[in-house]
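Peer 1: got a predicted model here, sequence first, then my questions.
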Amino acid sequence: MTKLHDGSGHTQRPGFRSRSLLAAAALALGGTMLLQATDWPQYRGPTHDGKSSEKIPRNWPAEGLKAVWKVPTPNGFGVFSVSHGRAFTLVSREVEGTQREILLALDAKSGKELWAYPLGLAKYDGGGDSGEEDNKGGDGPRSTPAADGDKVYALDAHLLLACVEADSGKTVWSKDLIKDFGAKNIGWQNAASPLIEGDLLYLCCGAPDGSLMALDKKTGTPVWKGESDQMTHSSPLAATILGVRQVVFFTQKGLVSADAKSGKVLWRYGFPYKVSTAASPVVSGDIVYCSAGYGVGSGAVKIAKAGDEFTATELWRESDAKNHLMNHWSTPIVKDGYLYGMFGFKEYGKGALKCVAIATGKEMWTEANFGPAGVLLAGDILLALNDRGQLVMVEASPTACKELGRSPAVAGKCWNHPVLSDGRIYVRSTKEGACLELSLTAAKK
């Protein structure tokens, strides 16, 4: 990697929580529970792993969760980022006769639109206008913005990166990654989300000798960059492995891990690429899991460290021509050594929610009729969103799929995961976004 300046101030620690709200919700009498309120500031949450520190009550009302608000969110497959009382997402909207991607800011409590920031053209060469016969359409922005204090960052389908004031929507800085750095976009356009941690913003842009990149989040200036890996639709992951904070990218060459501060490549794992790789890597201790569609399949490696040198040794690999054990674009979560998430390929409305042992690839259980949406984990509760906009609460156990509750959420096509922040669930589809109130009444024991 070429280090361009020191990037001072980037002092991450294991377990770092990006911009969490530390205030606790009120504790009332009469069998209610204490909820710790946290932000969900970027794709896959405050700890980059799809997990929340909040609690989900187990006694949902039979009629479903109450919608606090619903608003139109035309097209697109990103999710909400919730931070400091605002919810951000990307939609498409006509601006002066041209369809554009829009960074939208909403009041998180009311759903009121605060401002709308135009990005690049909402023009795509396919890939999103699919689904079940009665649940298609909605091709649009694929990325999720990242909120960080008083700024919010968006990366559009054509690799325009913008930093915007969170309270006003005014431009702080912007970069055209193609013009400014020689980035090379991918077919079906970019779907990866920017990753913020400390003072740095991480991304993979496909530029020769500068594809893996860390930018100063305040100025957009590169801190380090290197390698020539071609990009995929997968978002990078920040994790601490064997005591070293690193960023794991999933490129067309496979997994590549770089030291978060310096950009030094720590280890690689070659993994096939066909058409599109979209799910992010998953880290469990010293094990890293990855998966891709189009007959590629899945696999896991064990990371070892001797002195300053890292190695990645394959634990298992399933080359899956039948697309059985793979994640198309839905990234699973991991708990106690088990993956939970949507597995399958183009099984719209029918794809399975599965539990898989990360160290062996052994399937523990499978439950059909979810489709390619997503999951989050809160304690021992798995919250799954199916691709028809229905929330399903499942116990996160490798023993069996035990459903605890179910609630309608939004209409339209959902190819993303739900978000949990401050006792509320935020979901969106290609038609609408919604905020749902969790009951504070604790489940009876």
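Peer 2: All right, it came through fine. Residues are numbered from 1 along each chain as shown.
Peer 1: shaky segments in the stretch 51-200 of the chain?
Peer 2: Scanning the stretch 51-200 of the chain with the threshold set as pLDDT under 70 gives 126-136.
Peer 1: redo that, cut-off 80
Peer 2: 126-138 (pLDDT under 80).
Peer 1: for the stretch 251-400 of the chain, same thing?
Peer 2: For the stretch 251-400 of the chain, residues meeting the criterion pLDDT under 80 lie at 320-324, 346-350.
Peer 1: again, only this time at 70
Peer 2: 320-323, 349.
Peer 1: quick one: the helices in the stretch 51-200 of the chain?
Peer 2: Here the stretch 51-200 of the chain has its helices, by DSSP state H, counting those that start in this stretch, at 177-181.
Peer 1: just the strands in it please.
Peer 2: With DSSP state E, counting those that start in this stretch, the ranges of strands along the stretch 51-200 of the chain come out as 51-52, 66-72, 81-83, 86-95, 98-107, 113-121, 146-148, 151-155, 160-165, 171-176, 195-197, 200-204.
Peer 1: can you tell which of those strands is closest to Thr331?
Peer 2: For Thr331, the closest of the strands of the stretch 51-200 of the chain is strand 51-52, at 11.9 Å, according to C-beta to C-beta. (C-beta placed from N, C-alpha, C; glycine too.)
Peer 1: from the middle of its chain, how far away would the closest one be?
Peer 2: A distance of 12 Å separates the C-alpha centroid of strand 51-52 from that of its chain, computed with C-alpha atoms, centre = their mean, to the nearest Å.
Peer 1: helices or strands next to it in the packing?
Peer 2: For strand 51-52, the elements it packs on are strand 374-378, judged by 3 or more C-beta pairs under 8 Å, 6 or more residues apart in numbering; DSSP states H and E.
Peer 1: give the pairing partners of the strand it packs on; include direction for each.
Peer 2: Counting by DSSP bridges, the strands paired with strand 374-378 are strand 51-52 (parallel), strand 381-385 (antiparallel).
Peer 1: do you know which of these lies nearest Trp365?
Peer 2: Of all these, it is strand 381-385 that lies closest to Trp365, at 12.0 Å by C-beta to C-beta.
Peer 1: the strands in the stretch 301-445 of the chain, which residues?
Peer 2: Counting by DSSP E, counting those that start in this stretch, the strands of the stretch 301-445 of the chain are 309-319, 333-335, 338-343, 352-357, 363-367, 374-378, 381-385, 390-395, 403-408, 419-421, 424-428, 432-437.
Peer 1: now distance to Val275 and mean neighbour count too, for these, in a markdown table please.
Peer 2: Shown next, in a markdown table, are those (distance: least, C-beta to C-beta, whole Å; neighbours: other C-beta atoms under 10 Å):
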| stretch | distance to Val275 | mean neighbour count |
| --- | --- | --- |
| strand 309-319 | 15 | 14 |
| strand 333-335 | 25 | 21 |
| strand 338-343 | 18 | 26 |
| strand 352-357 | 22 | 23 |
| strand 363-367 | 24 | 16 |
| strand 374-378 | 21 | 24 |
| strand 381-385 | 25 | 25 |
| strand 390-395 | 29 | 20 |
| strand 403-408 | 33 | 16 |
| strand 419-421 | 28 | 27 |
| strand 424-428 | 26 | 26 |
| strand 432-437 | 29 | 22 |
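Peer 1: of those strands, which approaches Thr251 most closely?
Peer 2: Closest approach to Thr251 among the strands of the stretch 301-445 of the chain is made by strand 309-319 (14.2 Å; C-beta to C-beta).
Peer 1: if Ser52 is in a bridge, with which residues?
Peer 2: Listed beta-bridge partners, Ser52: Ala378 (assigned using DSSP bridges).
Peer 1: so for stretch 220-232, what gets flagged as buried?
Peer 2: Within stretch 220-232, the residues scored as buried using 16 or more other C-beta atoms under 10 Å are 220, 222-227, 229-232.
Peer 1: the residue lying closest to Val79 once chain neighbours are set aside: neighbouring residues, count only.
Peer 2: In this structure, Val79 finds its nearest non-sequential neighbour in Asn416, 4.6 Å apart by C-beta to C-beta, 6 or more residues apart in numbering. Number of residues near Asn416 (other C-beta atoms under 10 Å) recorded here: 26.
Peer 1: please apply the same query to Lys402.
Peer 2: Counted with other C-beta under 10 Å, residues neighbouring Lys402 total 13.
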